[in-house]
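Engineer: my questions concern the predicted model and sequence given below.
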Amino acid sequence: MKVHFIGIGGTGMGAVAGLLRAAGHDVRGSDTAVYPPMSEQLAVLGIPVFEGFSAENLAWKPDTVVVGNVNSKDQVEVVAAQEAGIPLTSFPAVLGEQLLAQRHAIVITGTHGKTTTTSMLAHVLLEAGRDPGLFVGGVPIASGQGWHLGKGEEFVVEGDEYDTAFFDKGSKFLHYRPRTAVLTSVELDHVDIFESFDAVREAFRRFVALLPADGLLVVCQESAEAMALAGAAACRVETYAVVDDEEPSAELTWRAENLEYLKSGRVAFDVVGRGEQLGRFETLLVGRHNVGNVLATIAVAIDRGVQVEIVRRAVASFAGVRRRLELRGIAGGVWVLDDYAHHPTAVRETLKAVRRRFPKRRVIAVYEPRSATSRRRTFQEEFVAAFAHADEVVVGRLYDPTRIPKEERFDPERLALDLHRHGTKATHIPETAAIVKHVAGAAAPGDVVVVLSSGSFDGLHDRLLDEIGDAVVPARRADMAGVRGLLEEVHLADPQATDENFGHYFYLRNERGVDGVVAIDVVGEDAILHSLAVRAESRGTGFGWLLADVVVQWARYRGCRRIYLLTETASDFFGAKLGFRVVDRSTVSPAVADTASFRSSTDSKFVAMRLDL
């Protein structure tokens, strides 16, 4: 089938285009601009992309045209397709018809936790050898892309309640043919398309009704609205909840209890499922809400026949999703984290999780009201309680206020004033450049800055790191040429430093560009530090220690228990500056010994060292 995508650069559109191409279809698309990582993923797949929109883009005579929900009936290619008699469809419809019809669709839905739970469940099934399909609106850190065709029976899908297209105002998840589903929560959101909470309830009610009699609905007992909707399901219903000190209800199918926040950064907890003690589990994900997401994953994976021990190992190794407390860099001892939270519940849980993860540090929240809901005054009061979990809050300007009627607009200045009145230091600063100056001046070593936005926030993360100076940041694909250049310049050429392996590298960025490099590979609970290099003219400035210290902190943040390295001449440096100790190579785990770093350095002149975290 020949398929053309209008707006192929969007996360969902590009992902479905990739899935169809992997399934053997002829796929092309158009967009005004396509940015990394989507541009790179489409190029690797050989999917042609027309720059700009034009009727000529349909000259190749596709069999169908997929229309994104941002396009209107007057869009030039929409009009051209209709004039040519080419059928219009949406990406949710294509996903359901072409990719889910013959698979066991597991749809993860709810107001919160969809992206994380979807990504984690796919990871567990993949680790179990099930090779599932995946479609998710975020980017899992381990895989680097939010879709995978897979050949297994299961296909894990993030079910979004947002509308489908200008010609189909029903929710996207109504196209996904669920056989198994998770319902995490039901709250008011997307007020630009739902006129009331009753309309939201009706959308989820219609979704629950899609589950067949032999299906399964796993629902969070802590959400009263979700439980009410589950009562009408025709299929088997199982419940899950995180239990604190209270006695669990008799109807609870799955529970997590005895939560313990470990020094490693992991969260440990006991799981009881279907009346059986399943033992202790651990997760890298921070916060009580994420324990609930893990528990839902465990319930579905075990129901699909995955052995408990495989599930235990897999959830422990799940690294998370980009834009969910993602480390964007460390500068001057200040951590800068990025999070997608823009609903008051998500903001509250995210900041509480940061508090748990960094218990003795000052937390500065920087917020951009950008999503359709957060730009409206619907949750004006609720945001005050949510942001009270930060030590200081900076509220940016309302994104594109002209699209919101004046009487409905969220008031960022009022939020800052209300926070201040309730005892939380808060400032409203409209201009991004001024926010950068303010936060860079206010943040001290050890502080954690959490940037909360559903968009790019005018590149605030990188601008802030650059303002503080000598930032160590995770490399992106586009940075790898500079990384390789520096390594070659100091005669440490690293064959692993390919564009595809960008996720293993950090670099120190300043006015000279790439001034230092370090890499770290994660293997289960172990990490391997390698390729530490500093530009010749910058040696003696402490950059080597700074780079190594940042990746040690990052490994600890990732929940690693040990870091290994091999060195020929720098054992004194790593021992004195960072606390590494020399170990016999025979004591290294087989998984670490099998990494490229260890396999390529078998000469006895290399000393193995280990740091226990």
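Structural biologist: Right, received. Where do you want to start?
Engineer: could I get the strand or helix carrying Ile302 in PDB with only the CA atoms?
Structural biologist: Under the criterion of DSSP states H and E, Ile302 resides in helix 288-303. Extracted C-alpha coordinates of helix 288-303, given in PDB (Å, rounded to 0.1, in the frame of the first residue of the first chain):
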ATOM      1  CA  ARG A 288       5.100   6.600  44.600                       C
ATOM      2  CA  HIS A 289       3.200   7.200  41.400                       C
ATOM      3  CA  ASN A 290       5.800   5.400  39.400                       C
ATOM      4  CA  VAL A 291       5.600   2.400  41.800                       C
ATOM      5  CA  GLY A 292       1.900   2.200  40.700                       C
ATOM      6  CA  ASN A 293       3.000   2.300  37.000                       C
ATOM      7  CA  VAL A 294       5.500  -0.600  37.800                       C
ATOM      8  CA  LEU A 295       2.700  -2.500  39.500                       C
ATOM      9  CA  ALA A 296       0.400  -2.200  36.500                       C
ATOM     10  CA  THR A 297       3.200  -3.500  34.300                       C
ATOM     11  CA  ILE A 298       3.900  -6.400  36.600                       C
ATOM     12  CA  ALA A 299       0.200  -7.400  36.600                       C
ATOM     13  CA  VAL A 300      -0.100  -7.400  32.800                       C
ATOM     14  CA  ALA A 301       3.200  -9.100  32.200                       C
ATOM     15  CA  ILE A 302       2.400 -11.900  34.500                       C
ATOM     16  CA  ASP A 303      -1.100 -12.300  33.000                       C
END
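Engineer: what ranges do the strands span in the stretch 51-200 of the chain?
Structural biologist: In the stretch 51-200 of the chain, the strands defined using DSSP state E, counting those that start in this stretch lie at 64-67, 88-89, 104-109, 133-135, 147-148, 154-159, 163-165, 168-171, 180-183.
Engineer: for the helix holding Ile302, give the mean pLDDT please.
Structural biologist: For helix 288-303, mean pLDDT is 94.
Engineer: so how far is it from its chain's centroid?
Structural biologist: Between the centre of helix 288-303 and the centre of its chain there are 17 Å (C-alpha atoms, centre = their mean, to the nearest Å).
Engineer: could you identify the helix or strand that succeeds that helix?
Structural biologist: helix 308-317.
Engineer: remind me what that next one packs against, helices and strands.
Structural biologist: helix 114-127, strand 276-283, helix 288-303 (3 or more C-beta pairs under 8 Å, 6 or more residues apart in numbering; DSSP states H and E). All C-beta atoms are positioned from the backbone trio N, CA, C, and that covers glycine.
Engineer: please name the nearest non-neighbouring residue to Trp335.
Structural biologist: Val448 (4.6 Å; C-beta to C-beta, 6 or more residues apart in numbering).
Engineer: run through the bridge partners of the one you found.
Structural biologist: Val448 has these beta-bridge partners by DSSP bridges: Trp335, Val363.
Engineer: and for it, the neighbour number?
Structural biologist: Neighbourhood size, Val448 [other C-beta atoms under 10 Å]: 22.
Engineer: surely it and Phe358 touch.
Structural biologist: Yes - here Val448 reaches Phe358: they are 5.1 Å apart, a contact under C-beta atoms under 8 Å.
Engineer: what residues are shared contacts of the two?
Structural biologist: Trp335 (C-beta atoms under 8 Å, 6 or more residues apart in numbering).
Engineer: number of nearby residues for the nearest residue in space to Thr184 that is not next to it in sequence?
Structural biologist: Among residues not flanking Thr184 along the chain, Gly110 sits closest, at 3.1 Å (C-beta to C-beta, 6+ apart). Look at Gly110: counted by other C-beta under 10 Å, it has 24 neighbours.
Engineer: any idea how this protein splits into domains?
Structural biologist: 2-89, 93-317, 326-469, 501-612 (automatic domain parsing).
Engineer: next structured bit after the strand ranked longest in the chain?
Structural biologist: When the chain is parsed with DSSP state E, its longest strand is strand 513-523. Reading on from strand 513-523 to the C-terminus, the next helix or strand found by DSSP H and E is strand 526-534.
Engineer: got the contact list for the following helix or strand past that following strand?
Structural biologist: Counting by DSSP H and E, the element after strand 526-534 in chain order, helix or strand, is helix 543-557. With contacts defined as C-beta under 8 Å, 6+ apart, helix 543-557 is touched by 264-265, 327, 330, 357, 470, 472, 506, 508, 515-520, 522, 527, 529, 532, 534, 563, 573-574, 577-578, 611, 613.
Engineer: of the helices and strands packed on helix 308-317, flag the one that's most buried.
Structural biologist: Of the helices and strands packed on helix 308-317, the one with the most neighbours on average (mean count of other C-beta atoms under 10 Å) is helix 114-127, at a mean of 27.
Engineer: report the angle between that helix and helix 308-317.
Structural biologist: Helix 114-127 and helix 308-317 meet at an angle of 130 degrees, taking axes from the mean of the first three to the mean of the last three C-alpha atoms, to 10 degrees as the criterion.
Engineer: what's the angle from helix 114-127 to strand 154-159?
Structural biologist: On the basis of the same axes, to 10 degrees, helix 114-127 is oriented at 170 degrees to strand 154-159.
Engineer: what is helix 114-127 packed up against?
Structural biologist: Counting by 3+ C-beta pairs under 8 Å, 6+ apart, helix 114-127 packs on strand 104-109, strand 133-135, strand 154-159, helix 288-303, helix 308-317.
Engineer: among these, which is nearest Ser374?
Structural biologist: Closest to Ser374 of those is helix 288-303 (C-beta to C-beta; 18.6 Å).
Engineer: send me stretch 10-30 as CSV with only the CA atoms.
Structural biologist: Provided in CSV are the C-alpha atoms of stretch 10-30 (Å, rounded to 0.1, in the frame of the first residue of the first chain):
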residue,chain,number,x,y,z
GLY,A,10,4.9,14.8,14.4
THR,A,11,5.8,12.2,17.1
GLY,A,12,2.7,10.0,16.4
MET,A,13,2.7,10.5,12.7
GLY,A,14,6.4,9.7,12.2
ALA,A,15,6.1,6.6,14.5
VAL,A,16,3.2,5.2,12.5
ALA,A,17,5.0,6.0,9.3
GLY,A,18,8.0,4.0,10.6
LEU,A,19,5.8,1.1,11.6
LEU,A,20,4.2,0.9,8.1
ARG,A,21,7.5,1.2,6.4
ALA,A,22,8.9,-1.6,8.6
ALA,A,23,5.8,-3.7,7.6
GLY,A,24,6.7,-3.3,4.0
HIS,A,25,4.4,-0.4,2.8
ASP,A,26,5.6,2.4,0.5
VAL,A,27,5.6,5.5,2.7
ARG,A,28,6.2,9.1,2.1
GLY,A,29,5.2,12.3,3.8
SER,A,30,5.4,16.1,4.0
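Engineer: quick one: buried residues of that stretch?
Structural biologist: Neighbour-count burial for stretch 10-30 flags 10, 12-22, 25, 27-30 (criterion: 16 or more other C-beta atoms under 10 Å).
Engineer: show me the shaky parts of the chain.
Structural biologist: 36 (pLDDT under 70).
Engineer: make a markdown table out of the helices and strands packed on helix 308-317 and add distance to Pro369.
Structural biologist: Below are the helices and strands packed on helix 308-317 laid out as a markdown table (distance: least, C-beta to C-beta, whole Å):
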| stretch | distance to Pro369 |
| --- | --- |
| helix 114-127 | 20 |
| strand 276-283 | 30 |
| helix 288-303 | 22 |
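Engineer: out of those, flag the one nearest Lys61.
Structural biologist: In terms of C-beta to C-beta, the element of the helices and strands packed on helix 308-317 nearest to Lys61 is helix 114-127, at 35.3 Å.
Engineer: nothing else from me, thank you.
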